[in-house]
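S.K.: This is a predicted model, with the sequence first.
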Amino acid sequence: MTEEAQDGPGAAATAGEPATAPSAGPDAGEPLESLGYEQARDELVDVVRRLEAGGLTLEESLALWERGEGLAQQCQSWLDGARARLDAVLATPQDAAGSDDASA
C-alpha cells in the first residue's frame, strides 16, 4: 500500500490487509472505514451497474442503494483528505517564499 493511501480514512484497519474483490456485494460485510479509495470506488461502480441492470427485488435494491450511499461518502472522505493534504503542501512553499522575500 502506498504512503498516501495509508494516511486516508481507515488507514490503520487496511495496513497489510489483502484487497477485496470489487464485485463484492452489499452484504459482503466489509466495513466501509476499512476500504481504500480505489476499493470503495470500484465497489461503488459495481453497485451502480447492478442497480442499473435491474432485475432485483425491492429489498435487494434498497440494500444496494444504502451500500452505494456509504461507499460514495467513503470516497468523498478520501477525496477531502487528499485535497487537504494538497492544500497543506501547496500552502507551505508559498508561505516560505513570502517570508524570504519580506526579509530580503
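M.R.: Received it, and whenever you're ready, just let me know what you need.

S.K.: C-alpha from now on. contacts and neighbour counts both.
M.R.: Fine.

S.K.: Show me where this protein has its helices.
M.R.: 3-6, 11-14, 37-53, 58-103 (DSSP state H).

S.K.: Where in the chain is the helix or strand with the lowest mean pLDDT?
M.R.: Least confident helix or strand, the chain: helix 11-14 with a mean of 36, by mean pLDDT, DSSP states H and E.

S.K.: hang on, the earlier thing: just say which of the helices of the chain is most tucked in.
M.R.: helix 37-53 (a mean of 18; mean count of other C-alpha atoms under 10 Å).

S.K.: What mean pLDDT does that helix get?
M.R.: When pLDDT is averaged over helix 37-53, the result is 96.

S.K.: what angle separates that helix from helix 58-103?
M.R.: 140 degrees (axes from the mean of the first three to the mean of the last three C-alpha atoms, to 10 degrees).

S.K.: Return helix 37-53 as PDB; C-alpha atoms alone will do.
M.R.: Taking C-alpha atoms only, helix 37-53 is exported to PDB below (Å, rounded to 0.1, in the frame of the first residue of the first chain):
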ATOM      1  CA  TYR A  37     -10.300   4.800  -2.100                       C
ATOM      2  CA  GLU A  38      -9.900   2.500  -5.100                       C
ATOM      3  CA  GLN A  39     -11.700  -0.400  -3.400                       C
ATOM      4  CA  ALA A  40     -14.600   1.800  -2.400                       C
ATOM      5  CA  ARG A  41     -14.800   3.400  -5.900                       C
ATOM      6  CA  ASP A  42     -14.700   0.100  -7.700                       C
ATOM      7  CA  GLU A  43     -17.400  -1.400  -5.400                       C
ATOM      8  CA  LEU A  44     -19.500   1.700  -6.000                       C
ATOM      9  CA  VAL A  45     -19.200   1.300  -9.800                       C
ATOM     10  CA  ASP A  46     -20.300  -2.300  -9.400                       C
ATOM     11  CA  VAL A  47     -23.300  -1.300  -7.200                       C
ATOM     12  CA  VAL A  48     -24.400   1.300  -9.800                       C
ATOM     13  CA  ARG A  49     -24.000  -1.200 -12.600                       C
ATOM     14  CA  ARG A  50     -26.100  -3.800 -10.700                       C
ATOM     15  CA  LEU A  51     -28.800  -1.200  -9.800                       C
ATOM     16  CA  GLU A  52     -29.000   0.000 -13.500                       C
ATOM     17  CA  ALA A  53     -29.200  -3.600 -14.700                       C
END
